[in-house]
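Trainee: kindly return the folded structure for what I paste below:
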Amino acid sequence: MRREMPTVLLQMLLRGANAVGYRNYPDNVVRAFVREAARSGIDLFRIFDSLNWVEAMTVAMETAAAEGKLVEAAICYTGDIEDPTRTKYTLQYYVRLAKELERRGAHIIGIKDMAGLLKPYAAGMLVRALKEETGLPLHLHTHDASGNGAAPILAAVEAGVDAVDVAIASMAGSASQPSMNGIVAALAHHPRSTGFDLEALQRLDAYWAAVRRYYQAFETQQNTLSAEVYLTEIPGGQYTNLWQQAEALGLADRWDDVKRMYAVANRILGDIVKVTPSSKAVGDLALLVVQHNLADEQALLAKADELTFPDSVIDYFSGMMGQPEGGFPKELQAKVLKGRQPITVRPGQLLPPVDWRALVRELAEVTGDDVRIAGTKAVQSAVQSGAGAAAVGAGANAVAVIKPPKAAWSPGPRPSRTTRPTSVRPCRGA
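Mentor: Below you'll find the model as predicted:
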């Protein structure tokens, strides 16, 4: 991709200490992965943590910055900043997080609304506050699960957002992103028009509509477009996976119970940020609760000593996913861990570094093949010395379309331990 698109900014999503996996990895794995992705052509790293724990993002952020790349530190949005009864994830909470990420060297602040919970007026409030408090470029990612997806994007545009994520119309809506074609048309005569040609976009849309028909057999039959998401808070990327899990456990006929208990499981875990991998802990607990016909937290606590909890729930309570805002529910944590002590520091600080040469030998023994080191020449050399990474890859993510209200931002000097990159130029509005 880098060779064929030398002037197009390539972005990837990185789960902080989870890299692109479902668990925390040793620090040397995270560093090696980021270096390889950077040297293979990724320009911008959108880095987040599934619990919004900044400590878990720092290694990846520092490594990407050291490679001269753009660091977009993403805040995962949950709750409802307009609701005075939701006192955990308030506007002040998000402002505090953004300022801390700026202090840690972020070049861009991402708002990662993985379930589509960010309502239109809340989007305006949040974007204005983060702009005023940090002055950094803002990038909004949301889903159209409720059918409201375009509205928060337009509200964010009015409030000064710099970039948004959208999808071509034939691939948009529901668990996907809002329609690019619709947003472009809505802003056609607005001062912040994207400048895109709607007729050209419609030709692209016709192409992708035809392509999508070939994959109909793989599409879920579940209706994911519903304002119910404001009640369940199930992320768009988890909805179909959770359905498949429920079906495999024989709970397909109790799907409504599973969705309802997802919200209950979230409250039981302490009302946490829900995105991979923390969302899996919520989903797995919801399935367990439904399987055992447990109505609430008290019923779960009463039976906890008899239950075998899913690995994801154990990982969460043991601290292997990080530290949640406000801490863990202590009584349930003790019952889940059954005498084991949780950790309170980054797992990467405790996990032993991966021995790359030993890993290559192990792979060769398991597969019976001649396993060789892959990657850039610099990384190959580092691996041979025991410091680098075996073959790794990166996925591109997102489309940014909003025209900036002022002159295009570009990296400049920064009084911090990391420096803004100078080797790439951000795309318009990013």
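Trainee: for the stretch 251-400 of the chain, which spans come out with low pLDDT?
Mentor: For the stretch 251-400 of the chain, the stretches with pLDDT under 70 are 372-400.
Trainee: for it, just list every one of the helices.
Mentor: 255-268, 278-291, 297-303, 311-318, 330-337, 347-350, 356-367, 377-384 (DSSP state H, counting those that start in this stretch).
Trainee: tell me the most buried of those helices?
Mentor: Among those, ranked by average contacts under mean count of other Cβ atoms under 10 Å, first place goes to helix 278-291 (a mean of 24). Placement of C-beta: from N, CA and C, glycine included.
Trainee: and for it, what's in contact with it?
Mentor: 22, 50-51, 114, 234-235, 238, 241-242, 245-246, 249, 251, 254, 257-258, 261-262, 264-266, 268-269, 272, 274, 300, 307, 309-310, 312-313, 315-316, 321, 324 (Cβ atoms under 8 Å, 6 or more residues apart in numbering).
Trainee: ok, 7 Å please
Mentor: Residues outside helix 278-291 that contact it (Cβ atoms under 7 Å, 6 or more residues apart in numbering) are 22, 50-51, 235, 238, 242, 245-246, 249, 251, 254, 257-258, 261-262, 264-266, 268-269, 272, 274, 300, 307, 310, 312-313, 316, 321.
Trainee: then stretch 250-261?
Mentor: T232, I234, L242, W243, A246, A286, L287, V289, V290.
Trainee: and of the helices of the stretch 251-400 of the chain, who's closest to I109?
Mentor: Ranking the helices of the stretch 251-400 of the chain by proximity to I109 (Cβ to Cβ) places helix 278-291 first, at 20.4 Å.
Trainee: quick one: which of the contacts of stretch 250-261 is nearest to I75?
Mentor: I234 (19.4 Å).
Trainee: now do the contacts for the closest one.
Mentor: Neighbour list for I234: A115, L242, K259, Y262 [criterion: Cβ under 7 Å, 6+ apart].
Trainee: could you find the closest non-adjacent residue to the last one?
Mentor: In this case it means Y262. By the measure of Cβ to Cβ, 6 or more residues apart in numbering, the closest residue to Y262 outside its immediate chain neighbours is A286, 4.3 Å from it.
Trainee: roughly how far apart are the one you found and A159?
Mentor: Using Cβ to Cβ, to the nearest Å, one obtains 34 Å as the distance from A286 to A159.
Trainee: quick one: closest of the helices of the stretch 251-400 of the chain to R3.
Mentor: helix 377-384 (15.8 Å).
Trainee: list the contacts for the closest residue in space to P152 that isn't next to it in sequence?
Mentor: In space, and not counting its chain neighbours, P152 is closest to A123: 3.7 Å by Cβ to Cβ, 6+ apart. Each residue near A123 by Cβ under 7 Å, 6+ apart is listed here: P152, A155, A156.
Trainee: at 8 Å instead, please
Mentor: By Cβ under 8 Å, 6+ apart, A123 lies in contact with L140, A151, P152, I153, A155, A156, A159.
Trainee: quick check on the nearest residue to P347 once chain neighbours are set aside: phi, psi?
Mentor: Distances taken as Cβ to Cβ, 6+ apart place N24 nearest to P347, at 3.8 Å, with adjacent residues excluded. As for N24, its main-chain torsions (degrees, to the nearest 10) stand at phi -70, psi 140.
Trainee: looks like N24 contacts N18 (just checking).
Mentor: Yes: between N24 and N18 there is a contact under Cβ atoms under 8 Å: 6.1 Å.
Trainee: for W356, see how far away the residue lying farthest from the centre of the chain is.
Mentor: In the chain, the residue that sits farthest from the middle, by Cα atoms, centre = their mean, is G368; the gap is 36.3 Å. Per Cβ to Cβ, G368 is found 20 Å from W356.
Trainee: same deal with A17?
Mentor: Taking Cβ to Cβ, one finds A17 at 19 Å from W356.
Trainee: tell me the pLDDT at S226?
Mentor: Here, the pLDDT recorded for S226 equals 90.
Trainee: and it, which of the three is it?
Mentor: Taking DSSP: H, G, I helix; E, B strand; the rest coil as the rule, one finds S226 in the coil state.
Trainee: for the residue nearest to P152, helix, strand, or coil?
Mentor: helix.
Trainee: and T7, by the same measure?
Mentor: For T7, the assignment made with three-state DSSP gives coil.
Trainee: if I look at it, what pLDDT would I see?
Mentor: Confidence score, pLDDT, at T7: 93.
Trainee: tally up the residues packed near it, please.
Mentor: Neighbourhood size, T7 [other Cβ atoms under 10 Å]: 6.
Trainee: please apply the same query to A66.
Mentor: 16.
Trainee: any idea how far D284 is from it?
Mentor: Taken as Cβ to Cβ, the span from A66 to D284 is 36 Å.
Trainee: what of Q323?
Mentor: 20 Å.
Trainee: ends of stretch 305-320, what's the gap?
Mentor: One end of stretch 305-320 sits 21 Å from the other (Cα to Cα, to the nearest Å).
Trainee: how about residues contacting that stretch?
Mentor: Residues contacting stretch 305-320 (Cβ under 8 Å, 6+ apart): 23-24, 269, 272, 277-278, 280-281, 284-285, 287-288, 292, 300, 321, 328, 332-333, 335-337, 340, 342-345, 347.
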